[in-house]
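Visitor: output the structure for:
(one chain, ligands or ions: 1)
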Amino acid sequence: MIELEDLDHIREAIVILKGLEVEGANKPGEKLGFKKGKNLMSIFTCKEMDRFIRDVQERKNFSLETNAYFFELHSKRFVSLRYLPKKSLLFVNDLTEERTLSEAKLDFVTAVSHELFTPLSASKANVFLLKDIENDPEKLEILGKVERSLDRMETIIRQLKVLTMIQLRLYELKMEHIPVEEVVHMVLEELREKIESKKIKVNVFVDVETIETDRFVFHTILKNLVSNAVKYSYPDSVVEISITGERLSVKDQGIGIKEEEKSRIFERFYRGSEALKMAPGSGLGLSIVKHLCDTIGYRLEVNSQWLVGSEFIVHFK
Ligand code: ADP
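Guide: Prediction:
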């Protein structure tokens with residue numbers, strides 16, 4: 001039998017329910033308005049309230065993070081709600097402060113990247129102008145290198161912004177049925193220059209019309225994996241993309257990953273020793289892929305053999 005006083009020191013609100021009525025709560029619970037005899041609907045409300053009430057009535061597990069309005073506090077709090085029907089317990093964790101801090105961090109990264117974009121765009125525009133008036137092939141080559149470096153800087157800033165957003169759990173998934181072939185072709189079009197310059201043959205196998213997923217997540221995962229497959233492949237080799245209702249796989253015949261490096265490839269900014277020599281990169285791509293998979297609940301598998309090739313598989317379930 002749970003003694004509520006023993007739970008007063010716990011930061012999380014713990015509420016014992018009898019149907020929709022509060023039977024008792026620890027101190028943090030009472031502070032949020034969970035007082036004995038009160039009905040849940042008169043304590044707080046949120047976007048998902050109907051589903052929450054139905055699940056409590058039908059005694060089903062419920063777990064969610066959401067913005068909820070608490071009537072007694074007259075304020076909106078960002079909370080995680082967890083309902084355990086077996087014990088008729090409701091756990092409410094007030095995450096408002098963490099959320100505010102996360103938003104401040106994201107604001108900072110967004111502001112810095114915005115500030116960096118302005119001089120970057122100006123530099124790009126000037127390089128473009130110089131290229132237009134320059135005829136000397138040597139100078140044009142140098143300008144080309146400057147242009148590529150500026151492009152890479154732009155990519156790194158964009159990637160850092162995405163990664164920060166996902167790591168702070170501020171990216172909200174938008175699930176919809178997306179046309180798989182269309183996304184694959186979009187990604188291949190975006191990477192066309194890279195693919196053609198190395199004369200890579202890309203074989204595509206898709207056996208589903210649509211997949212229920214978040215378009216940005218799916219697109220970003222696929223683009224990063226295909227981009228790496230092309231980047232770390234030898235010229236004239238084959239990259240295979242295969243997508244079914246259960247999984248997505250990108251396979252290459254490239255340099256592969258050394259055994260001792262496999263555990264590090266998902267770290268932020270980590271780049272393999274041979275990868276460094278082979279192609280430019282930021283070391284952020286796989287970190288983004290990993291975090292996106294965690295966010296949406298996909299499992300990532302890597303099969304790779306040094307100097308033979310790699311296969312990255314994303315299991316949807
Ligand atoms: P980047 O490609 O910019 O270095 P990533 O985070 O995408 O950064 O990848 C991290 C490292 O994982 C790479 O530097 C490389 O060593 C290894 N890697 C990723 N994909 C492949 C691949 N398809 N084949 C071989 N090595 C790979």
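
Visitor: OK, contacts around the nearest residue to residue 237 once chain neighbours are set aside?
Guide: What sits nearest to residue 237 in space, not counting adjacent residues and going by Cβ to Cβ, 6 or more residues apart in numbering, is residue 253, at 4.3 Å. All C-beta atoms are positioned from the backbone trio N, CA, C, and that covers glycine. Under the criterion of Cβ atoms under 8 Å, 6 or more residues apart in numbering, the neighbours of residue 253 are 233, 234, 237, 238, 239, 308, 309.

Visitor: distance of the residue lying closest to residue 49 once chain neighbours are set aside from the ligand?
Guide: Distances taken as Cβ to Cβ, 6+ apart put residue 41 closest to residue 49, at 7.4 Å, once the chain neighbours are dropped. According to Cβ to the nearest ligand atom, to the nearest Å, residue 41 and the ligand sit 48 Å apart.

Visitor: near the ligand, which residues of this structure?
Guide: Residues of the chain lying near the ligand by Cβ under 6 Å from any ligand atom: 228-229, 232, 252, 254-257, 265, 270-272, 275, 281-287, 310.

Visitor: which among those residues count as buried?
Guide: Listed as buried from the residues of the chain next to the ligand are 228-229, 232, 252, 254-257, 265, 271-272, 275, 281-287, 310; burial here means 16 or more other Cβ atoms under 10 Å.

Visitor: how is residue 135 assigned, secondary-structure-wise?
Guide: Secondary structure state of residue 135, per DSSP: H, G, I helix; E, B strand; the rest coil, is coil.

Visitor: just give me the neighbour total for it.
Guide: Neighbourhood size, residue 135 [other Cβ atoms under 10 Å]: 6.

Visitor: same thing with the one 10 residues further on?
Guide: Neighbour count for residue 145, taken as other Cβ under 10 Å: 10.

Visitor: likewise for residue 125?
Guide: For residue 125, using other Cβ under 10 Å, the count is 10.

Visitor: which elements pack onto whichever strand or helix holds it?
Guide: Assigned by DSSP states H and E, residue 125 belongs to helix 96-133. Judged by 3 or more Cβ pairs under 8 Å, 6 or more residues apart in numbering; DSSP states H and E, the packing partners of helix 96-133 are strand 75-84, helix 137-167.

Visitor: which of the contacts of residue 253 fall in strands?
Guide: Counting by DSSP state E, those place 238, 239, 309 in strands.

Visitor: in CSV, list these along with distance to residue 83 and neighbour count.
Guide: Formatted as CSV, the ones in strands among the contacts of residue 253 follow (distance: Cβ to Cβ, whole Å; neighbours: other Cβ atoms under 10 Å):
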residue, distance to residue 83, neighbour count
238, 51, 14
239, 46, 25
309, 47, 23
